[in-house]
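Novice: quick one: sequence plus predicted model below, questions after.
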Amino acid sequence: KNEVEQSPQNLTAQEGEFITINCSYSVGISALHWLQQHPGGGIVSLFMLSSGKKKHGRLIATINIQEKHSSLHITASHPRDSAVYICAALTSGTYKYIFGTGTRLKVLA
Amino acid sequence: GAVVSQHPSWVICKSGTSVKIECRSLDFQATTMFWYRQFPKQSLMLMATSNEGSKATYEQGVEKDKFLINHASLTLSTLTVTSAHPEDSSFYICSARDGGAGGPYNEQFFGPGTRLTVL
């Protein structure tokens, strides 16, 4: 069992739909990072959070430290949101990232 | 957010040659840089942690003589794949952590990656 698990692995949505991607982790963390990787490979940092909730535009990230769970929500999804979304747990102590396997999102027009 | 660049963005080389990949932090000083490798449709795997002015720390299973890392300044780290073979073909990504207050809690910023193909 991976220390950082994401679900779903693949997700296809219609434009405008509300999307949720989940991340569960079993290690102690100092923060959790949500990343976006486009087909070309480049990685964009979306959120880094250690508690509560953060919002940026149509993206919302939440984390529940007690339950060791984080979610990434996309409201009013758009085809340009199509990418791989990766959660990365910044482990406490070593301060290294453990990455989830990613969620491949495709938003259809 | 802060900007990290990588050069080259892609490289094709012959088996047996060495390839150098640069990672630069453009608008902040990075006391620590990380090198990752990513195979198709897989997640990132940490190869090594590089601290400015000291030897890199390699993860288990990563050959330090194969993947030479140099972090000579606060804005530049290099990864040299020596005597490259087709199995070294992969996507290599670096990240850099701001050396400011907060230390290891600071966010890592990722470079755009370098796609290496060894023929």
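Specialist: Received, thanks.
Novice: in its sheet, which strands sit next to the one helix or strand A:V84 maps to, and in what direction?
Specialist: Per DSSP states H and E, A:V84 falls inside strand A:83-91. When sheet partners are counted by DSSP bridges, strand A:83-91 sits next to strand A:29-37 (antiparallel), strand A:97-99 (antiparallel), strand A:103-108 (antiparallel).
Novice: what does whichever strand or helix holds B:I69 contact?
Specialist: Element membership for B:I69, per DSSP H and E: strand B:67-73. If you take Cβ atoms under 8 Å, 6 or more residues apart in numbering or on different chains as the criterion, strand B:67-73 is touched by B:33, B:35, B:47-48, B:50-54, B:56, B:58, B:77-82. C-beta: built from backbone N, CA, C; applies to glycine.
Novice: circling back: and of the strands paired with strand A:83-91, who's closest to A:F47?
Specialist: Set against A:F47 and scored by Cβ to Cβ, those come closest in strand A:29-37, at 4.6 Å.
Novice: and the closest one, which residues are buried?
Specialist: A:I29, A:A31, A:L32, A:H33, A:W34, A:L35, A:Q36, A:Q37 (16 or more other Cβ atoms under 10 Å in any protein chain shown).
Novice: with distance to A:V44 and pLDDT added, can I get these in JSON lines?
Specialist: Compiled in JSON lines, those are given as follows (distance: Cβ to Cβ, whole Å; pLDDT from 0 to 100):
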{"residue": "A:I29", "distance to A:V44": "21", "pLDDT": "92"}
{"residue": "A:A31", "distance to A:V44": "17", "pLDDT": "91"}
{"residue": "A:L32", "distance to A:V44": "16", "pLDDT": "94"}
{"residue": "A:H33", "distance to A:V44": "11", "pLDDT": "94"}
{"residue": "A:W34", "distance to A:V44": "10", "pLDDT": "96"}
{"residue": "A:L35", "distance to A:V44": "7", "pLDDT": "94"}
{"residue": "A:Q36", "distance to A:V44": "5", "pLDDT": "94"}
{"residue": "A:Q37", "distance to A:V44": "8", "pLDDT": "93"}
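Novice: what's the most distant pair in the residues you listed?
Specialist: A:I29 and A:Q37 (20.5 Å).
Novice: pick out the residue nearest the middle of chain B.
Specialist: In chain B, the residue lying closest to the centroid (Cα atoms, centre = their mean) is B:W35, at 3.3 Å.
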